[in-house]
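A.B. asks: Need a 3D model of the sequence below.
(2 chains)
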Amino acid sequence: MSRTVSVERAFEASPEAVYGAYWGLENWPRALSNIVDAGADYDDGVHQCFTMVVDKDGARETVRGVRIGVPFAKVELCQFVPPPGFRVMRGEWRFAPSGTGTQVVAERVYETSDPAGGDAAGALLKSLLEKNLVAFDRLLSGGAA
Amino acid sequence: MTMFAKIVDVLAEMDVEGAEPEKQLGDDLQMDSQELVCATVDFERIFSVKLADGELTRDMTVGDLAILLARKTAQQAAIGDFDYALCEDTTIRAPLEAVYEALHDAAAWPQKLPHVLGIAMHYDDGRYQEFDMEIDGGAGGRIAVRSVRRCEPGRIRFFQPSPPAFLRHHCGEWILQPLDGDLTLLSTRHEWRLSDAAARLFPSLDGIATPERVRGWLTEHARVALERWKNNLESGATP
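C.D. replies: Residues are numbered from 1 along each chain as shown, chains lettered A, B, ... in the order given. Modelled structure (predicted):
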């Protein structure tokens, strides 16, 4: 059964800047210190196939997926090779103008390999999404990972 | 809500009553040229499309108008900043849900579409799919592509991380719009950039340059696919 988690945060940067930061895979290791490498195997400007190597307690995990961009409004993603413990991981970031900044919503739809683990996985996922938003907000504000 | 029902609502706002799919805007609904101009402005605003001057005519039926507006919606739904685009469509006498189900079930295409020689599904969670597809490229040739799709009722976006050799990038959409009752407009939109190999694989011939030859090939391919889906869904037969 699919479950959904969602978090949001107000960024000072414009939707164009926020969209660009999320779309550019080269920004991911800069924003998040546990991301060792990230790159696109295919990128036509609005569709990407990406690979991301994540350090988790000293072990390397590789996730592979696709992203679809709607410039300055939304980045959708689906991980064809989801993180360990998940059967399905997809979702989106939505960017809405808010004053001179941007209201960012990060949403994930997920299914766990163990159906009983849904609640715990959801709490973990929500925590990771909140860290993700903080990290990109900091990157756009000129801070380091 | 079907396109026909939306049009009936717009016309009712203009005090034009009695709209039926087969009724003409002029003789049957008594719309004069001034009312057609006002209707054009309203349709452009409501459906977010551009209509040319004189595109709405008195001899057009409400059914024709539904197809025109649905077609414009699909034609003007650009995906990105690609070099080339095409949009083809057909009406299918089948509910939108049945058309969507047939398009979504990619694994069954080789049984339904003769030009699809094989599908190897790598990922399918209902919304996203990734598969390798082999199609008949004509003259005994086979073309292999890898396709990724995001599926939602009414719209299936695709892009090809491994496109045919003559394309650098290739993406598009199947756009399904309910016209009236069980009548669905199925549009297929393609956008692309040529690869360096295009000039070798589609050299200029008889005054037709490489880009137009590629467009011709893709257009023909799109029309054949639409015709086969129409035949398949309306008769239930394998064409």
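
A.B. asks: Any regions of chain B where pLDDT drops low?
C.D. replies: Along chain B, the parts satisfying pLDDT under 70 run over B:236-239.

A.B. asks: what's the longest helix in it?
C.D. replies: Ranked by residue count, the top helix of chain B under DSSP state H comes out as helix B:210-235.

A.B. asks: what's the answer for chain A, then?
C.D. replies: helix A:118-140.

A.B. asks: For that helix, buried residues please.
C.D. replies: A:Ala121, A:Gly122, A:Leu125, A:Leu128, A:Leu129, A:Asn132, A:Leu133, A:Ala135, A:Phe136, A:Asp137, A:Leu139, A:Leu140 (16 or more other C-beta atoms under 10 Å in any protein chain shown). C-beta here means a position set from N, CA and C on the backbone, and glycine is covered the same way.

A.B. asks: Contacts (any at all) between chain B and it?
C.D. replies: No: applying C-beta under 8 Å from any C-beta of the partner chain, one finds helix A:118-140 separated from chain B by no less than 15.9 Å.

A.B. asks: What are the contacting residues of that helix?
C.D. replies: Here helix A:118-140 makes contact (C-beta atoms under 8 Å, 6 or more residues apart in numbering or on different chains) with A:1, A:3, A:5-9, A:11-13, A:17-18, A:21-22, A:27, A:30-32, A:85-86, A:104, A:106, A:108, A:110, A:112, A:144-145.

A.B. asks: And stretch B:38-49, by the same measure?
C.D. replies: By C-beta under 8 Å, 6+ apart, the list of residues contacting stretch B:38-49 reads B:6-7, B:10-11, B:13-14, B:25, B:31, B:50-51, B:55-56, B:69, B:72-73, B:76.

A.B. asks: please redo it, this time with the cut-off set to 6 Å
C.D. replies: Stretch B:38-49 has contacts (C-beta atoms under 6 Å, 6 or more residues apart in numbering or on different chains) with B:Val10, B:Leu51, B:Leu56, B:Leu69, B:Lys72, B:Thr73, B:Gln76.

A.B. asks: Check stretch A:76-84 too.
C.D. replies: Stretch A:76-84 is contacted by residues A:Val63, A:Arg64, A:Gly65, A:Val66, A:Arg67, A:Ile68, A:Met89, A:Arg90, A:Glu92, B:Tyr123, B:Tyr128, B:Glu130 when judged by C-beta under 6 Å, 6+ apart.

A.B. asks: what would the residues you listed look like in CSV with distance to B:Asp64, neighbour count and secondary structure?
C.D. replies: Shown next, in CSV, are those (distance: C-beta to C-beta, whole Å; neighbours: other C-beta atoms under 10 Å in any protein chain shown; DSSP: H, G, I helix; E, B strand; the rest coil):
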residue, distance to B:Asp64, neighbour count, secondary structure
A:Val63, 50, 19, strand
A:Arg64, 47, 15, strand
A:Gly65, 43, 21, strand
A:Val66, 39, 25, strand
A:Arg67, 40, 21, strand
A:Ile68, 34, 20, strand
A:Met89, 46, 23, strand
A:Arg90, 40, 22, strand
A:Glu92, 38, 20, strand
B:Tyr123, 41, 18, strand
B:Tyr128, 37, 22, strand
B:Glu130, 39, 20, strand
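
A.B. asks: pLDDT-wise, what's the bottom of those residues?
C.D. replies: pLDDT across these is lowest for A:Val63, at 90.

A.B. asks: partner residues bridging that residue?
C.D. replies: A:Val63 has these beta-bridge partners by DSSP bridges: A:Met52.

A.B. asks: wait, isn't it in contact with A:Met52?
C.D. replies: Yes: counting by C-beta atoms under 6 Å, A:Met52 is a contact partner of A:Val63 at 5.0 Å.

A.B. asks: tell me which parts of chain A are close to chain B?
C.D. replies: A:Tyr42, A:Asp44, A:Gly45, A:Val46, A:His47, A:Cys49, A:Val66, A:Cys78, A:Phe80, A:Val88 (C-beta under 6 Å from any C-beta of the partner chain).

A.B. asks: State the pair within these that is farthest apart.
C.D. replies: A:Gly45 and A:Val88 (26.6 Å; C-beta to C-beta).

A.B. asks: the more surrounded of those two?
C.D. replies: Neighbour totals were compared for A:Gly45 and A:Val88, and A:Val88 leads with 20 against 15 (other C-beta atoms under 10 Å in any protein chain shown).

A.B. asks: What sits closest to the more buried one if chain neighbours are left out?
C.D. replies: Excluding its sequence neighbours, the residue lying closest to A:Val88 (C-beta to C-beta, 6 or more residues apart in numbering or on different chains) is A:Glu111, at 4.0 Å.
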